[in-house]
Structure formats: C-alpha cells, structure tokens
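In: just coords:
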C-alpha cells in the first residue's frame, strides 16, 4: 500500500497540530520520508518494541492523537518469549510467534525507527542512536527487557550461546535449542540451569522442562531432564510437579539449590556443569539460563538500584531517579507483579494513562491492574496464575484475597480448559500489543 | 459504644487495606482498568480466538452481575474467581459500564 504525505498526516493525526517538536531533520528523513519535522503537542519516545513498549506506544495514541509517538526498536520483527516453549517442544513454528510493527505504524500512526539506542541524556532529554542521530523527547518510556549476568557462574560467557543457548530472548536461540533436542539421541540428558530470582517469566523454565519432556516422551522416551536450580522453590511448583508426576513420571528431576542444585561452574566445551557440592554433570543438551538484571541501557543510564533493577513510582511507572523517564516491563521493579508479558502490557496501559494525563495537565487516578499468566505442562494441560495489584500513592499493593494459582488436585477438566485458554490468552495479548489477530 | 467504635475502626482498616483508594471510581480509571482485561478478552474487548469470550458491548448490568458472582464464588470459572476478588464493587460497576460502551 502506498501512502501519500497527506494520508500520512491524516493517519498520524499530526497535521496542523501544535508546536514543532524535536526530531532532527536527518532522523525524520529516515523514518518519515515525507516530513522533515514531526508536529504535535508533545513527543513521547519509547525504547523497546516488546509487550511493554509496543503497548504503551499504541495506548498513548489511542488516548490522544495529538501526542506524537516514536518507537525505537532494533529489530523489524519481534519474536515473543511467551509461547516460545511451544516451539522448543516442537508443536509450533517460530513464524507463529513473530510479529511486526505495520499495524502500529499504519493504524496508530506510531513513528517506528529500527535502531539501537546508544545513550540517553536525561538532563537534556535526548536519546542518541547508534548511528549518531539524536532524538529529543518530552517523555521517555524505556521497555528494553533484561540483560544477562554471565559472570555470576564461572566459565559462562555470552560467547557460548550458539552451543549452549539460553533461549531466554526468543528468536534464533529458540531454534538452536529446538534443533539440539531434535539431534539428541534417545537416552540423552537435557540439563537446564535455572536462575535465581528475580528473572523474566518465573514459571518459564518449568514450562520449558514440561514441553521438552512432552517431546522426549513421544520421541525419545529413554531420555531425562535434570533441572539444577539456584532457588529452593519456584512458581506454580505444586501444580507443575503434579503435572509431571501424572504426564512424565520419572522423567524430570528437579534439584533445589540447597540440595545440590546450585551451579557454580560450567565447562562450555564439554557441556559439563559443576554444582556447589562438587558434583559434575555432563549434558547432551545444556540450557543455561543466566542470572538476570535490567537491560544494559537502564543500568548505564543510572536508572537501576544496587540490585540491578529500576525502581519506579507505582502510580505512573516514572523512574524515581530521572524526571519524565518511565520504565516498564522486565527492567522495572513493580511490587508483586512478576516479570511477564502480561505485566508489561498492563504496566504500559497504566504508564500511558499517566503520561497522557501529565501532558494534558489532568489528575492521575489510582488503578487496579492485573497480570495473568498461563503455563502449558503439555499441549492439553494448562495451569495459570493471576495477580491483582492496586497502584496508588502508597505504592504497589496486591489486593488481599485475590489472585493466586489454579487449584491443585483437580480433575482433568480444568487443565484441559486452561490449555485452551492459554492459546486464547496468547492470541488476544499479541493482538492487543502488535495489532495482529 | 467502645465496642462499636472498635468495630468501626476494624472495618475501616480492612477497607483501607483491601481497597486503599477512594470508593469513587472515575470513568477514566475505569477505562484503564478495563483495558487490562483485553490481554485475555481481546483488544477492545473482542476476542481474536473463537474459544475466548468477547466482552465488548454486553449489557453493563450483566457484566457487573457476572463479575460479582465470580467475586463471591457464586459462579465458578477457571481464573475469573481469582481475578474478580481483586476489585471493589464500585470498580466492578464502573468497569462494566465502560466495557458495555465498547462497540
């Protein structure tokens, strides 16, 4: 579809509005070919096009078309971490969990730039891209996800990920892990090293182990999965273990930190890990999920605390360390909300509302927000968790008596239904975030 | 009298702890809250998967009654009972009105 300059202006709702805002000329030329400057009453720059960033861009435009929004995301296509375990389990293709920004651009008039951000100057309110171009903002939203702390385990390094994929950022890594499982002989050992809290998607490692077990049970039934955990307990534990006993008896061995699960050393050449008790375990397929912290951009911009995550004001998601900078998604600390795609999507809506209200000089209300996460123990066995959290001047408060996990010890019915709802959840949240659906 | 006061205080404290905000819910707040339902019920309340439940445009009274029934465990869902318990009756009423207004 060809879009004329007039159509573009109409689509973006920017024609004739307010004051000039600061995209420099070269930048605007590369991203909006027909215009040398973007007009609007304010310019919001969003960094990161995942569940948080794409949603906040869309919802700001949904609320007020006179606010210009620029989304900066290095990749033209986004592969979701949610449901990437279904690709690893072998019953979905990577294309089914891959999205682009065409609807955000076309329908919502978001200006999308596929570049890396090199640095942020929060005093001058400017973002510098890796090609040297500069974008200025009135409000900045950071939703850049996580970074890895390989240094926490001796021998681990980012160089090993093509042999020992973490697959904790979906895409190429997801495919490598899948191919390794396909190539593994029957009777092989899959070792997963699970990270300490906090980390992206708390039930994720255990869903992954479940869906790997589903694949192995049906194809390589003599194989085994060992999860070496840096924790002594994990999300939805009772439900996962109930499912494992029912579906994959004896196949998955989970070793908690205090009983020999803590991995202190890794030899990437031989795919051997060493635990704190001195035991050495050699893997056929090794899935080492590194320790995590906020994205590098958040860390180097001075927006994180000493634990490596960004503290924010609950009601707005504005950084407590820099004015007019908002941090949402996995990089921030959002009280009891876990680091999940749904949390990021909900946080984006609360932040979008706060940003629009701030620009328009309106009052910002208290909000009750929700996180909902499904995990698949098999393609037809689902479990869930919900969190309902009140954001107010008092901070983040889980609403008493609400939320929690699916009931344990239930018959098959609820598990089958929740597996169906997991797919419903996925199809709807990706449609809400990127517009596909 | 003292007993009554204590009771009043206790009830008040529970109220503060459970729903710390003012009982009144603005239409704007209700809209933001309702949009956080879209992750499961579909963008603008219309499901993209036929096995899901569209909520857009349903009568406000029906949405309100359903949510309260989940909250009080008079109706059994899979996840909605756990979620509905997180909202005050005032929030439920305003969220229902907003969802009902969606086309």
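Out: Sure thing, it's come through. Note that the coordinates shown come from a computational prediction; the quantities given were computed from them, not determined experimentally.
In: so who does residue 89 touch?
Out: Reading this off chain A. Residue A:89 makes contact with A:211, A:212, A:214, A:215, A:376, A:379 under the criterion CB atoms under 8 Å, 6 or more residues apart in numbering or on different chains. For every residue, glycine as well, the C-beta is placed using N, CA and C.
In: Correction: the question concerned chain B.
Out: Per CB under 8 Å, 6+ apart, neighbours of residue B:89: residue B:68.
In: Next one: it relative to residue B:72, how far apart?
Out: Relative to residue B:72, residue B:89 is positioned 10 Å away (CB to CB, to the nearest Å).
In: buried subset of the contacts of residue A:89?
Out: Using 16 or more other CB atoms under 10 Å in any protein chain shown as the burial test, these include A:211, A:212, A:214, A:215, A:376 as buried.
In: Tell me which of the residues you listed fall in strands.
Out: Cross-referencing the buried ones among the contacts of residue A:89 against strands under DSSP state E gives residue A:376.
In: Identify, from the buried ones among the contacts of residue A:89, the entry nearest to chain B.
Out: residue A:376 (14.3 Å; CB to the nearest CB).
In: okay if I get the buried ones among the contacts of residue A:89 as CSV plus pLDDT?
Out: Listed next are those as CSV, based on pLDDT from 0 to 100:
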residue, pLDDT
A:211, 98
A:212, 98
A:214, 98
A:215, 98
A:376, 98
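In: For the stretch 51-200 of chain A, list the residues in contact with chain B, please.
Out: Counting by CB under 8 Å from any CB of the partner chain, the residues of the stretch 51-200 of chain A lying close to chain B are residue A:59.
In: measure stretch A:228-245 end to end?
Out: End-to-end distance of stretch A:228-245: 18 Å, with CA to CA, to the nearest Å as the criterion.
In: Determine how far it lies from the middle of the whole chain.
Out: 21 Å (CA atoms, centre = their mean, to the nearest Å).
In: Distance from the one helix or strand residue B:65 maps to to the middle of the chain?
Out: Take DSSP states H and E as the rule and residue B:65 turns out to sit in helix B:60-71. For helix B:60-71, the separation from the chain centroid amounts to 8 Å (computed by CA atoms, centre = their mean).
In: Spell out the residue ranges of the strands in the stretch 151-300 of chain A.
Out: Counting by DSSP state E, counting those that start in this stretch, the stretch 151-300 of chain A has strands at residues A:189-194, A:224-229, A:252-255, A:263-267, A:272-275, A:280-282, A:285-288, A:291-294.
In: ok, how many other residues are close to the residue in chain B that chain A sits nearest to?
Out: Closest to chain A within chain B is residue B:86: 2.5 Å, counting by CB to the nearest CB. Neighbour count of residue B:86, defined by other CB atoms under 10 Å in any protein chain shown: 24.
In: hmm, back to that, now, which of the buried ones among the contacts of residue A:89 sits nearest residue A:192?
Out: The nearest member of the buried ones among the contacts of residue A:89 to residue A:192, counting by CB to CB, is residue A:212 at 8.1 Å.
In: so the closest one touches residue A:225, yeah?
Out: Yes. Assessed by CB atoms under 8 Å, residue A:212 is found in contact with residue A:225 at 5.9 Å.
In: Overlap in contacts, the two.
Out: Counting by CB under 8 Å, 6+ apart, the residues touching both residue A:212 and residue A:225 are residue A:190.
In: if we can go back for a sec, helix/strand/coil for the residue of chain B closest to chain A?
Out: At residue B:86 the chain is in coil, as set by DSSP: H, G, I helix; E, B strand; the rest coil.
In: List the residues that contact it.
Out: By CB under 8 Å, 6+ apart, the contact set of residue B:86 is A:368, A:370, A:386, A:388, A:389, A:399, A:402, A:403.
In: Tell me which residues are up against the helix holding residue B:65.
Out: B:55, B:75, B:77, B:80-81, B:83-85, B:87, B:89, B:92-93, B:95-97, B:99-100.
In: so residue A:46 sits in a strand?
Out: Yes. Membership of residue A:46 in a strand is supported by three-state DSSP.
In: can you pull the contacts of it?
Out: Neighbour list for residue A:46: A:53, A:56, A:57, A:69, A:70, A:71, A:72, A:140, A:141, A:143 [criterion: CB under 8 Å, 6+ apart].
In: secondary structure element for the fifth one?
Out: Mapping residue A:70 onto the secondary structure by DSSP H and E places it in strand A:67-72.
In: May I have the distance across stretch A:373-383, first residue to last?
Out: One end of stretch A:373-383 sits 8 Å from the other (CA to CA).
In: quick one: that stretch near chain B?
Out: No. For stretch A:373-383 and chain B, the contact criterion (CB under 8 Å from any CB) is not met; the two come no nearer than 8.5 Å.
In: one step back: let me know the closest of the contacts of residue A:46 to chain B.
Out: Relative to chain B, the closest of the contacts of residue A:46 is residue A:56; by CB to the nearest CB it sits at 11.8 Å.
In: Which strands or helices does the helix or strand harbouring the closest one pack on?
Out: For residue A:56, the element it lies in under DSSP H and E is helix A:51-63. Here helix A:51-63 touches strand A:42-47, strand A:67-72, helix A:102-106, strand A:139-142, helix A:341-359, helix A:412-434, going by 3 or more CB pairs under 8 Å, 6 or more residues apart in numbering or on different chains; DSSP states H and E.
In: next one: the fourth one to chain centre, how far?
Out: This means strand A:139-142. Distance of strand A:139-142 from the chain centroid (CA atoms, centre = their mean) equals 17 Å.
In: For residue A:429, see how far away residue A:80 is.
Out: As defined by CB to CB, residue A:80 lies at a distance of 9 Å from residue A:429.
In: And residue A:197, by the same measure?
Out: Counting by CB to CB - residue A:197 and residue A:429 are separated by 24 Å.
In: So which residues of chain B form helices?
Out: In chain B, the helices defined using DSSP state H lie at B:2-18, B:27-35, B:38-41, B:60-71, B:80-84, B:89-101.
In: Reformat the ones you listed as a markdown table; add mean pLDDT and distance to residue A:184.
Out: Putting the helices of chain B into a markdown table (pLDDT from 0 to 100; distance: least, CB to CB, whole Å) gives the following:
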| stretch | mean pLDDT | distance to residue A:184 |
| --- | --- | --- |
| helix B:2-18 | 43 | 51 |
| helix B:27-35 | 97 | 44 |
| helix B:38-41 | 98 | 35 |
| helix B:60-71 | 98 | 45 |
| helix B:80-84 | 98 | 38 |
| helix B:89-101 | 98 | 48 |
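In: could those be laid out in a markdown table, adding distance to residue A:314?
Out: Shown next, in a markdown table, are the helices of chain B (distance: least, CB to CB, whole Å):
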| stretch | distance to residue A:314 |
| --- | --- |
| helix B:2-18 | 16 |
| helix B:27-35 | 14 |
| helix B:38-41 | 20 |
| helix B:60-71 | 24 |
| helix B:80-84 | 20 |
| helix B:89-101 | 17 |
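In: Most tightly packed of these?
Out: Greatest average neighbour count among those goes to helix B:38-41 (a mean of 26), per mean count of other CB atoms under 10 Å in any protein chain shown.
In: How about it and chain A, any contact?
Out: Yes. Applying CB under 8 Å from any CB, one finds helix B:38-41 in contact with chain A at B:38, B:39, B:40, B:41.
In: can you tell me which of these lies nearest to residue A:327?
Out: Nearest to residue A:327 among the residues of helix B:38-41 next to chain A is residue B:39, at 20.2 Å by CB to CB.
In: who's in contact with that closest one?
Out: Counting by CB under 8 Å, 6+ apart, residue B:39 touches A:342, A:345, A:346, A:370, A:372, A:425, A:428, A:429, A:432.
In: Not counting sequence-adjacent ones, nearest residue to it?
Out: Nearest non-adjacent residue to residue B:39, counting by CB to CB, 6 or more residues apart in numbering or on different chains: residue A:429, 4.3 Å away.
In: that older thread, make a markdown table out of the residues of helix B:38-41 next to chain A and add distance to residue A:84.
Out: Converted to a markdown table, the residues of helix B:38-41 next to chain A look like this (distance: CB to CB, whole Å):
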| residue | distance to residue A:84 |
| --- | --- |
| B:38 | 22 |
| B:39 | 18 |
| B:40 | 19 |
| B:41 | 23 |
